[in-house]
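>>> Output the structure for:
(one chain, ligands or ions: 1)
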Amino acid sequence: MSSEASLAIGGKSLEMSIKDGSIGPSVLDISKLYAQTGMFTYDPGFTSTASCESKITYIDGDEGILLYRGYPIEQLAEHGDFLETCYLLLYGELPTPSQREDFNYNVTHHTMVHEQMMRFFQGFRRDAHPMSVMVASVGALSAFYHDSTDISDPTQRMIASMRMIAKIPTLAAMAYKYSVGQPFVYPQNNLDYSANFLRMCFAVPCEDYQVNPVLARALDRIFILHADHEQNASTSTVRLAGSSGANPFACIAAGVACLWGPAHGGANEAALKMLQEIGTPDRIPHYIARAKDKNDPFRLMGFGHRVYKNYDPRAKIMQKTTHEVLKELGVKDDPLLDVAMELERIALHDSYFIEKKLYPNIDFYSGITLKAMGFPTSMFTVLFALARTVGWIAQWKEMIEDPSQRIGRPRQLYTGEAKRDYIPVAKR
Ligand code: SDX
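You can find the predicted model right below:
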C-alpha cells in the first residue's frame, strides 16, 4: 500500500510516494529526488535511511521487539536451536522434520576446510588478534572454492551459503587453537553444531573431551541471539560489497572486518575489559561520571544502541543465560557479574541514561558468559562473527535475488575546494 507526499523545493512541488511495510515505519521513496531537484538527501550514519527492502528481521527499538521472519527472538531462543534458526533466516520458514534433517546433514558434511588452509594459518604470529585471522581466512575461502563463486547461479549461491555456515566454526576454532599453540581439532560429524565447536576449541589429543550439554545449549542460544539484526553496520557492509558482484566469501570477510569495531561487535570484548577495569562496585560512580562527561571519550561499553531505545530483548535472554552458565560451572559469585549487575542498576536509575534511553545491549553480558566458558576476551567478537555469518549470508542472498538490486553508490555533500589551477613548486 502506498500514498503520496509532496515536497516544496525552489518554488516547485515534488510528489513522492510513501511505501508502507507489513509492520513498522513507512518509507518515503526519494529515488527520483536528484533527477528532479539536483539535490541529495543528507543523513550521516543513516539514522533516517532505509537502504533496502527486507523480509528477514524486524526490530521495534521503542518496544524492544526482535523478530526473525516474524518469530519473536524469545521463542526461538527458548524452543529452537541455531541450525533451525539458520534455515529460518535463509528460507523464511521453520523447517519440516525432513527439511531440518537434510539441512543439518548438509551443514555437518561441509564443516571441514581444505587441508592447505592450515599452512595459511602458519603465516600469522601466534599473538595475532583472532579477528585479524578471521578476516584473512574467511576471505581466503574464495581462493579454495572457485566452484561456488558464480553468484548468478542459484545452486552455487546455495553451496557457498552452506559452506560459509558450516566452515565458520571450524575457522573460528582454528583461530583460537593457533593463538594458544595447540593442535587444530577436526570437526566430528556425530556432534551438533555448537557441541562440535566447543570440542574443536577445547579438546586436546592427550585425553578424551566430553562436551558439557548445558554449555553447548547455552552457546547454541547465544548463537541464536547473534544470528541477524536488520541492516546493522556489518550487514550493510556485506550488502554493499555484494552489490558489486563480489563473491560471497569476500563479502562475509568484509562483514567480519566491520563487526570488529568496538562500537559494533567489538563491544563485547570492550565491555568485559571495562568491567575488569572497574573491578569493584565502589568504583562504578567514577566510571558513570566519565561516561556522562562530554569531554571524556569514555563510553559504557555494552550500553546504548542506534535502534533500541528500550531494553535490548537479547540482553535479557543473555543475562538469564549468564546465570545458567555460572551456576552450571559452580561459579558462586563472579565479581565481574556483581559489577555488571550493579552498573546496570545504577545506570538505569540515572537521569543521563534515562533521558538518552541508554540500556544494556547484547554485548553487556555476553563477555561474562563466554569468559566463564573458557574463551579468552580476544575470541568474543569471533564468536559474534561466527553466529552473524548466517545473517550476513541470508541478507546477501536476499539482495542478490532482489530483481531491483543495483550496485550501491551513495553520493556526498562536497565542502572541499572549488576548481583551481596547478601551482608549480617554484611558485609555492
Ligand atoms: C551492536 O546496529 C546494530 O543492530 C548493532 C548490533 C547488532 O546486533 O548488529 O546490535 C550489535 O553493535 C550493539 C552495540 C554495541 N556497542 C556498544 O555497546 C558501544 C557503546 N555504545 C555506543 O557507542 C553507542 O550507543 C552506539 C554506537 C551503540 C550507538 O550510537 P549512536 O546511535 O550513534 O548514538 P550516539 O553515539 O549518537 O549517542 C547518543 C547519545 C550521545 O550523547 P549526546 O551527543 O546526544 O549528548 O548517547 C550517548 C552519546 O554520547 N551515548 C552514550 C553511550 N552510547 C551513547 N553515553 C555513554 N555510554 C554509552 N554507551
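>>> CA only for contacts and neighbour counts going forward, please
Noted.
>>> Under the pLDDT cut-off, which ranges of the stretch 301-428 of the chain? List them.
Low-confidence segments of the stretch 301-428 of the chain (pLDDT under 70): none present.
>>> try 90
310-311, 332-334, 347-348, 404-405 (pLDDT under 90).
>>> What parts of it come near the ligand?
Residues of the stretch 301-428 of the chain lying near the ligand by CA under 6 Å from any ligand atom: Met301, Gly302, Phe303, Gly304, His305, Arg306, Lys356, Asn361, Asp363.
>>> what do you get if the cut-off is 8 Å, keeping everything else the same?
Counting by CA under 8 Å from any ligand atom, the stretch 301-428 of the chain comes close to the ligand at 301-307, 353, 356-358, 360-364.
>>> Next step: those residues restricted to helices.
Phe353, Asp363, Phe364 (DSSP state H).
>>> which of the residues of the stretch 301-428 of the chain next to the ligand are buried?
301-305, 353, 357-358, 360-364 (16 or more other CA atoms under 10 Å).
>>> Now flag whichever of the residues you listed is closest to Leu28.
His305 (23.8 Å; CA to CA).
>>> From the ones in helices among the residues of the stretch 301-428 of the chain next to the ligand, pick the one nearest the ligand.
Asp363 (6.0 Å; CA to the nearest ligand atom).
>>> check contacts around the closest one.
Gly265, Ala267, Asn268, Ala271, Met301, Gly302, Phe303, Ala315 (CA atoms under 8 Å, 6 or more residues apart in numbering).
>>> hang on, Met118 in a strand?
No - the assignment for Met118, made by DSSP: H, G, I helix; E, B strand; the rest coil, is helix rather than a strand.
>>> Helix, strand or coil: sort out Leu66 for me.
Strictly by three-state DSSP, Leu66 counts as strand.
>>> So what sits opposite it in the bridge?
Using DSSP bridges, the bridge partners assigned to Leu66 are Ile59.
>>> which residues in this protein form strands?
2-9, 12-19, 27-28, 57-60, 65-68, 71-72 (DSSP state E).
>>> What pLDDT does the model give the closest residue to the ligand within the stretch 51-200 of the chain?
Distance from the ligand to each residue of the stretch 51-200 of the chain (CA to the nearest ligand atom) is smallest for Ile59, at 8.8 Å. At Ile59, the model reports a pLDDT of 97.
>>> quick one: contacts for it?
Contacts of Ile59 by CA under 8 Å, 6+ apart are Ile65, Leu66, Leu67, His229, Glu230, Val307.
>>> Please apply the same query to Ala340.
Leu275, Phe364, Tyr365 are the contacts of Ala340 under CA under 8 Å, 6+ apart.
>>> Could you rerun that using 7 Å?
Applying CA atoms under 7 Å, 6 or more residues apart in numbering, we find Ala340 in contact with Leu275.
>>> how far away is it from the ligand?
As for Ala340, its distance to the ligand is 13 Å (criterion: CA to the nearest ligand atom, to the nearest Å).
>>> which residues are contacting stretch 137-148?
Gln156, Arg157, Ile159, Ala160, Phe249, Ala250, Ala253.
>>> rerun at 8 Å
With CA under 8 Å, 6+ apart, stretch 137-148 has contacts from 114, 117, 120-121, 149, 156-157, 159-160, 168, 171, 247, 249-253.
>>> how about the CA coordinates for it, as CSV?
Taking only C-alpha atoms (Å, rounded to 0.1, in the frame of the first residue of the first chain), the coordinates of stretch 137-148 have been written out as CSV:
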residue,chain,number,x,y,z
SER,A,137,40.9,-16.8,6.5
VAL,A,138,37.3,-16.1,5.5
GLY,A,139,38.4,-14.1,2.6
ALA,A,140,40.8,-16.9,1.7
LEU,A,141,38.0,-19.3,1.3
SER,A,142,37.3,-17.7,-2.1
ALA,A,143,40.8,-19.0,-3.1
PHE,A,144,39.7,-22.6,-2.5
TYR,A,145,36.1,-22.6,-3.7
HIS,A,146,36.0,-21.3,-7.3
ASP,A,147,33.1,-23.7,-7.9
SER,A,148,30.8,-21.7,-5.7
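>>> Show me which residues of that stretch are buried.
Ser137, Val138, Gly139, Ala140, Leu141, Ser142, Ser148.
>>> Same question for stretch 79-95.
For stretch 79-95, by 16+ other CA under 10 Å, it's 80-90, 92, 94-95.
>>> Tabulate those (TSV), appending pLDDT and distance to Asn190.
Output for the buried residues of stretch 79-95, formatted as TSV (pLDDT from 0 to 100; distance: CA to CA, whole Å):
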residue	pLDDT	distance to Asn190
Gly80	97	20
Asp81	98	16
Phe82	98	16
Leu83	98	15
Glu84	98	17
Thr85	98	20
Cys86	98	19
Tyr87	98	20
Leu88	98	23
Leu89	98	24
Leu90	97	24
Gly92	98	27
Leu94	98	23
Pro95	98	21
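>>> on that earlier part again, next step: the contacts of stretch 137-148 restricted to helices.
117, 120-121, 156-157, 159-160, 168, 171, 249-253.
>>> Only whichever of those residues are buried, select them in ChimeraX.
ChimeraX command restricting the ones in helices among the contacts of stretch 137-148 to the buried ones, with burial defined by 16+ other CA under 10 Å:
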select :121,156,157,159,160,168,171,249,250,251,252,253
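>>> could you dump the ones in helices among the contacts of stretch 137-148 to TSV with pLDDT and distance to Leu336?
Below are these laid out as TSV (pLDDT from 0 to 100; distance: CA to CA, whole Å):
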residue	pLDDT	distance to Leu336
Met117	92	37
Phe120	90	37
Phe121	93	33
Gln156	90	46
Arg157	92	43
Ile159	93	42
Ala160	93	40
Ile168	98	29
Leu171	98	29
Phe249	96	37
Ala250	96	37
Cys251	97	36
Ile252	98	33
Ala253	98	32
